[in-house]
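K.L.:
Sharing a model that was predicted from the sequence below.
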Amino acid sequence: MSDLWEVFVRARGGLHHSHVGSIHAADAEMALENARDVYTRRGEAASLWVVPSTSIVASDPADAGELFEPALDKEFRHPTYYEVPDGVANL
Amino acid sequence: MEEPQLLERFEAHVAAEGKIEPDSWMPDAYRKTLVRQISQHAHSEIIGMQPEGNWLTRAPSLRRKAILLAKVQDEAGHGLYLYAAAETLGTSRDEMIDALLDGTAKYSSIFNYPTPTWADIGAIGWLVDGAAIMNQVPLCRCSYGPYARAMKRVCKEESFHQRQGFDILVTLCRGTDEQRAMAQDALNRWWWPSLMMFGPHDADSQHSATSMRWRIKRFTNDELRQRFVDVTAPQAAFLGLRIPDDELAYDEATGHWRFGEPDWDEFHRVLSGDGPCNAERIERRTRAHVEGAWVREAAEAYAAKHSETTAA
């Protein structure tokens, strides 16, 4: 049971799959079965994904500044940046 | 970055309620503390299946049996959430399980007490799971993300455990004299070990101060114990049961219940391996692990064979 799998659950149709945790399993079929037993005992799921943990490519926390900070000083990307003159509707 | 700078940044981050994730920098001592605490917690869930599993085949009705089965299955699930959380810190599942079986890792001393009667199943849900909830709710805000997320899941499921236990006792206490006596006897045996679940007094607790600073722990052992007594004493009165403590009394001035001193010698004795069921619990877990080895090997062999076929 050496392989680690990441488990994603879609709570109900219309929502996206969210990461809930991980599971050990020898293969994909067993990973789905184990994920069902461990993460969906109370009707939490309409759908399950299991992904080998080694397949996840993650950003390096040390690069977080370089990657994400450039977005922070561009307030003009948000509608609230703009002042709507009084008397203007439907904008 | 130099280590002192990293450490300073880490301390400031957790002090400001920032969260730590598996790929964040963390001091070795923080990592070690968490591996110890989370794996002990996982082991407690797994060993905790045994005292209740003892009654699965003898539950008094099909409904009670289905409920107990679901509860014991939850305990296994909680163990797995927690092992997975501990693994994110770089310790393998195998290492943790070896440490449990060879006795180097501890688990909650409460699971070394026997369950001779059906009322014990009620008392475990009400008191043991009740005490566990007191300990676990603050852990949902723990600074280590994977542990906090696992605890949220555990806490959501744990309330069912406590209520089903109380429900068993309500039924017994509304029953015959013999059933009430059985409930009282279970309370007599589980009360003090439940108070010990919160650990030694704050002054004698080795890891408390650092864990509080690191936002792993939110309340001290004594604060949580007091809170447990305060909520549990009125529940015992509702059941018409007597908590086995002559010093138990409501203090009008403070609004808290005063209570007596647990037998700390017993606590240390049971924790160090000399409780009523320590040997039996580990023997049974070891046997299950050894007897299940062929299943793990077969699954590996099947997966290996299958991947060869699909690769070809």
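P.N.:
Structure received.

K.L.:
rest of the way, CA atoms for contacts and neighbours
P.N.:
Fine.

K.L.:
hang on, residue A:26 packs against residue A:33?
P.N.:
No: with contact defined as Cα atoms under 8 Å, residue A:26 does not reach residue A:33; the gap is 11.2 Å.

K.L.:
residues in contact with the nearest residue to residue B:190 once chain neighbours are set aside?
P.N.:
Leaving aside its sequence neighbours, residue B:190 sits nearest to residue B:123 (Cα to Cα, 6 or more residues apart in numbering or on different chains; 6.8 Å). Applying Cα atoms under 8 Å, 6 or more residues apart in numbering or on different chains to residue B:123 gives the contacts B:165, B:166, B:169, B:183, B:186, B:187, B:190.

K.L.:
and if you look at residue B:208?
P.N.:
Residue B:208 neighbours (Cα under 8 Å, 6+ apart): B:202, B:217, B:220.

K.L.:
ok, and which of those residues reach chain A?
P.N.:
Among these, no residue lies close to chain A (Cα under 8 Å from any Cα of the partner chain).

K.L.:
Return the members of the residues you listed classed as buried.
P.N.:
The neighbour count (16 or more other Cα atoms under 10 Å in any protein chain shown) marks B:217, B:220 as buried among the contacts of residue B:208.

K.L.:
Including distance to residue B:243, pLDDT and neighbour count, could the contacts of residue B:123 go into a markdown table?
P.N.:
Compiled in a markdown table, these are given as follows (distance: Cα to Cα, whole Å; pLDDT from 0 to 100; neighbours: other Cα atoms under 10 Å in any protein chain shown):
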| residue | distance to residue B:243 | pLDDT | neighbour count |
| --- | --- | --- | --- |
| B:165 | 17 | 97 | 24 |
| B:166 | 15 | 97 | 23 |
| B:169 | 14 | 98 | 30 |
| B:183 | 11 | 98 | 27 |
| B:186 | 11 | 98 | 22 |
| B:187 | 7 | 98 | 25 |
| B:190 | 10 | 98 | 22 |
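
K.L.:
nearest to chain A, of those residues?
P.N.:
Nearest to chain A among those is residue B:165, at 19.2 Å by Cα to the nearest Cα.

K.L.:
just checking, the closest one touches residue B:126?
P.N.:
Yes: Residue B:165 sits in contact with residue B:126 when judged by Cα under 8 Å, with a separation of 4.8 Å.

K.L.:
on that earlier part again, quick check, the residue nearest to residue B:190 in a helix?
P.N.:
Yes: under DSSP: H, G, I helix; E, B strand; the rest coil, residue B:123 sits within a helix.

K.L.:
What score does it have for pLDDT?
P.N.:
pLDDT recorded at residue B:123 is 98.

K.L.:
can you check residue B:312 too?
P.N.:
On the pLDDT scale, residue B:312 is placed at 53.

K.L.:
Next: residue B:236.
P.N.:
Among the per-residue scores, residue B:236 shows a pLDDT of 98.

K.L.:
Against residue A:90, how distant is it?
P.N.:
62 Å (Cα to Cα, to the nearest Å).

K.L.:
in what helix or strand does the closest residue to chain A within the stretch 151-300 of chain B lie?
P.N.:
The stretch 151-300 of chain B approaches chain A most closely through residue B:300 (5.5 Å), counting by Cα to the nearest Cα. Residue B:300 belongs to helix B:293-311 when assigned by DSSP states H and E.

K.L.:
Now do the buried residues in that helix.
P.N.:
B:299, B:300, B:303.

K.L.:
partners of the residue nearest the centre of chain A in the sheet?
P.N.:
Nearest to the geometric centre of chain A sits residue A:18, at 4.6 Å (Cα atoms, centre = their mean). Beta-bridge partners recorded for residue A:18 (DSSP bridges): residue A:9.

K.L.:
tell me the contacts of it?
P.N.:
A:8, A:9, A:10.

K.L.:
shouldn't the last one be in contact with residue A:50?
P.N.:
What it means is residue A:10. No: the criterion here is Cα under 8 Å, and residue A:10 misses it with residue A:50 at 11.6 Å.

K.L.:
Of residue A:26 and residue A:33, which one has the most company?
P.N.:
residue A:26 (21 against 13; other Cα atoms under 10 Å in any protein chain shown).

K.L.:
Could you check the pLDDT of the more buried one?
P.N.:
92.

K.L.:
Is it in a helix, a strand, or coil?
P.N.:
Put simply, residue A:26 is coil when judged by three-state DSSP.

K.L.:
Please point out which parts of the helix ranked longest in chain B sit buried.
P.N.:
The longest helix of chain B (DSSP state H) is helix B:145-173. For helix B:145-173, burial by neighbour count (16+ other Cα under 10 Å) applies to B:145-155, B:157-159, B:161-166, B:168-170, B:172-173.

K.L.:
So what's the gap between it and the chain middle?
P.N.:
What separates the centre of helix B:145-173 from the centre of its chain is 11 Å, taken as Cα atoms, centre = their mean, to the nearest Å.

K.L.:
other SSEs contacting that helix?
P.N.:
With contacts taken as 3 or more Cα pairs under 8 Å, 6 or more residues apart in numbering or on different chains; DSSP states H and E, helix B:145-173 sits against helix B:62-87, helix B:119-123, helix B:129-136, helix B:177-196, helix B:221-239.

K.L.:
so where's the chain uncertain?
P.N.:
This is for chain A. Counting by pLDDT under 70, the ranges of chain A that qualify are A:1-2.

K.L.:
meant chain B actually
P.N.:
B:1-2, B:310-312.

K.L.:
Get me the contact residues on it for chain A.
P.N.:
B:23, B:24, B:77, B:80, B:81, B:84, B:296, B:299, B:300, B:303.

K.L.:
and the last one, what does it touch?
P.N.:
Applying Cα under 8 Å, 6+ apart to residue B:303 gives the contacts A:26, A:27.

K.L.:
Likewise for the third one?
P.N.:
With contact taken as Cα under 8 Å, 6+ apart, residue B:77 is in contact with A:37, A:38, A:39.

K.L.:
Please convert the buried members of the residues you listed into PyMOL selection syntax.
P.N.:
The PyMOL selection below is limited to those of those classed as buried (16+ other Cα under 10 Å):
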select buried, chain A and resi 38+39
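
K.L.:
Go back to the contacts of residue B:77 and keep what's next to chain B.
P.N.:
A:37, A:38, A:39.

K.L.:
with the residues you listed in mind, which one is nearest to residue B:100?
P.N.:
residue A:38 (21.4 Å; Cα to Cα).
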